[in-house]
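Student: Need a 3D model of the following:
(2 chains)
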Amino acid sequence: MTAETAGLGDLRDPGQGREIALVDLLDRLLAGGVVLTGDVLLSIAGVDLVHVSLRAVITSVRADCPLPDPWPDVVRGKENTG
Amino acid sequence: MSAEARVCYCYAVTKPLPPDALAGVPGLRDSTVDTVECDGLAAVVSELPAAEFGERALRANLEDLGWLERVARRHNDVVDGVARRAATVPFRLATIYRDRHRVHEVLRSGAARIGAALDRIEGRSEWGLKVYAEFAEEAEPVPPSGPTEPPGRSYLRKRLAERRSRDLRWARVEETAAKVDESLCALAVDRRAHRPQSRRLSGDSEQNVLNVAYLVDDADVDSFLARAGELRAAARGCRVGLTGPWAPYSFALPDPGATGSAGS
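Tutor: Numbering: from 1, shown residues only, chains lettered A, B, ... in the order given. Down below sits the predicted model:
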């Protein structure tokens, strides 16, 4: 799977250089992935257990958390324009 | 809990692998990565010290962005390493069990759901698309005011013109983003929208207006990338960025929007 990446270098997000941007990783690792309830229960789903810094990260990547951001609606509200 | 106590960290689920298939893949804290198998599924796990990954420690560690980043990167490295060998459904970050028996149990009880997810992503990879609004250098000229116009009026006129031009540029950005999305969607088997990234987190100076993941068949990757390249070159007032290939993180769960739909 990685072999073809070499040829795609210029297509990768130029802002992030060689390393994957943390925010792209967290989009996937905190908002994606299979969710099975772990034994160690705060498993990120338990947002309440975690304090402000991480909560800020989680709310900014998870669609099920409220976010006081003025922009996303601009994009989201436009689904039915033909 | 003794200092030696261990917990079982799960990175991903795949099909059973040959012995030693993961020998060259270092886990979190350079631990050994191996599998717990059940019903034709293999959970990819590492046993880690509870002193760092147990509930109490984790609660504190997850607040440390540096720690979170190290764990997230290694988690992703392991997932990539497994995905290179076989179809892989990643787990969400920090899915941790008391021991291997519990992983076995959980695998058995979730077998149908996980097996279905594995079948769905086999032979496919995830690609991320982000569209950013590029506003800075694109201000449209403000019509000059007449020499006799009162200063207050000219100020208002200028403000109004600025606002109109901003609205216009936004409309164009939205239109471009929608076109890019639609065009790439046609070459993908599935699509998930992520929340646009906050500039505070990403450090980008431009506003992210679209943040989408596509699941693309291996056979279609070349045409998908070619199309993405064309769209990027043609985009005006926007920057189009692509990331990938990713293990199919965004497609590990059923689409929350498609309740009861027959997506296979």
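Student: Is chain A within reach of stretch B:78-97?
Tutor: Yes: judged by C-beta under 8 Å from any C-beta of the partner chain, stretch B:78-97 comes into contact with chain A through B:80, B:83-84, B:89-97. The way it works is simple: take the backbone N, C-alpha and C, and place the C-beta from them, glycine included.
Student: Of these, which belong to helices?
Tutor: B:80, B:83 (DSSP state H).
Student: so, in contact with chain A or not, stretch B:211-227?
Tutor: Yes: Stretch B:211-227 reaches chain A (C-beta under 8 Å from any C-beta) through B:211, B:213, B:221, B:225.
Student: Remind me which helix or strand the last one belongs to.
Tutor: Element membership for residue B:225, per DSSP states H and E: helix B:221-234.
Student: pLDDT below threshold where in the chain?
Tutor: Picking chain A for this. Low-confidence segments of chain A (pLDDT under 70): A:1-18, A:35-82.
Student: think we crossed wires, I meant chain B
Tutor: In chain B (pLDDT under 70), the answer is B:1-3, B:135-147, B:254-264.
Student: got the residue ranges for the strands in it?
Tutor: Per DSSP state E, chain B carries strands over the ranges B:6-14, B:34-38, B:41-49, B:88-97, B:124-133, B:190-194, B:207-217, B:238-246.
Student: Save those strands as TSV, and put in mean neighbour count too.
Tutor: Output for the strands of chain B, formatted as TSV (neighbours: other C-beta atoms under 10 Å in any protein chain shown):
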stretch	mean neighbour count
strand B:6-14	26
strand B:34-38	20
strand B:41-49	22
strand B:88-97	26
strand B:124-133	25
strand B:190-194	19
strand B:207-217	22
strand B:238-246	23
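Student: Residue B:68: which of the ones you listed is closest?
Tutor: Closest of the strands of chain B to residue B:68 is strand B:88-97, at 8.2 Å (criterion: C-beta to C-beta).
Student: what is the orientation angle of that closest one with strand B:238-246?
Tutor: 80 degrees (axes from the mean of the first three to the mean of the last three C-alpha atoms, to 10 degrees).
Student: what's the angle from strand B:88-97 to strand B:6-14?
Tutor: Using the same axes, to 10 degrees: strand B:88-97 against strand B:6-14 is 160 degrees.
Student: Can I get strand B:88-97 as CSV, trimmed to CA atoms?
Tutor: In CSV, the C-alpha atoms belonging to strand B:88-97 read as follows (Å, rounded to 0.1, in the frame of the first residue of the first chain):
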residue,chain,number,x,y,z
THR,B,88,-7.3,-4.0,8.6
VAL,B,89,-10.0,-2.2,10.5
PRO,B,90,-8.3,0.2,13.0
PHE,B,91,-9.5,0.7,16.5
ARG,B,92,-10.2,4.1,18.0
LEU,B,93,-7.2,5.4,20.0
ALA,B,94,-6.7,4.0,23.5
THR,B,95,-9.0,1.0,23.3
ILE,B,96,-7.6,-0.9,26.2
TYR,B,97,-8.6,-4.2,28.0
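Student: what residues go with each domain of chain B?
Tutor: Domain assignment for chain B by automatic domain parsing gives B:6-122, B:125-249.
Student: which one of those is the most hemmed in?
Tutor: Mean neighbours per residue, mean count of other C-beta atoms under 10 Å in any protein chain shown, is largest over these for domain B:6-122, with a mean of 19.
Student: Enumerate every residue touching residue B:11.
Tutor: With contacts defined as C-beta atoms under 8 Å, 6 or more residues apart in numbering or on different chains, residue B:11 is in contact with B:27, B:33, B:44-46, B:75, B:78-79, B:82, B:90-91.
Student: Mind doing that once more with 7 Å?
Tutor: Going by C-beta atoms under 7 Å, 6 or more residues apart in numbering or on different chains, residue B:11 touches B:44-45, B:75, B:78-79, B:90-91.
Student: Surely residue B:33 is in contact with residue B:47?
Tutor: No: Residue B:33 lies out of contact with residue B:47 (C-beta atoms under 7 Å); the separation is 10.0 Å.
Student: about what we covered before: so can I have TSV of the strands of chain B showing distance to residue B:155?
Tutor: Below are the strands of chain B laid out as TSV (distance: least, C-beta to C-beta, whole Å):
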stretch	distance to residue B:155
strand B:6-14	59
strand B:34-38	69
strand B:41-49	63
strand B:88-97	51
strand B:124-133	26
strand B:190-194	40
strand B:207-217	26
strand B:238-246	31
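Student: nearest to residue B:57, of the ones you listed?
Tutor: strand B:41-49 (8.5 Å).
Student: Just want the angle from that closest one to strand B:6-14.
Tutor: Orientation of strand B:41-49 against strand B:6-14 (the same axes, to 10 degrees) gives an angle of 150 degrees.
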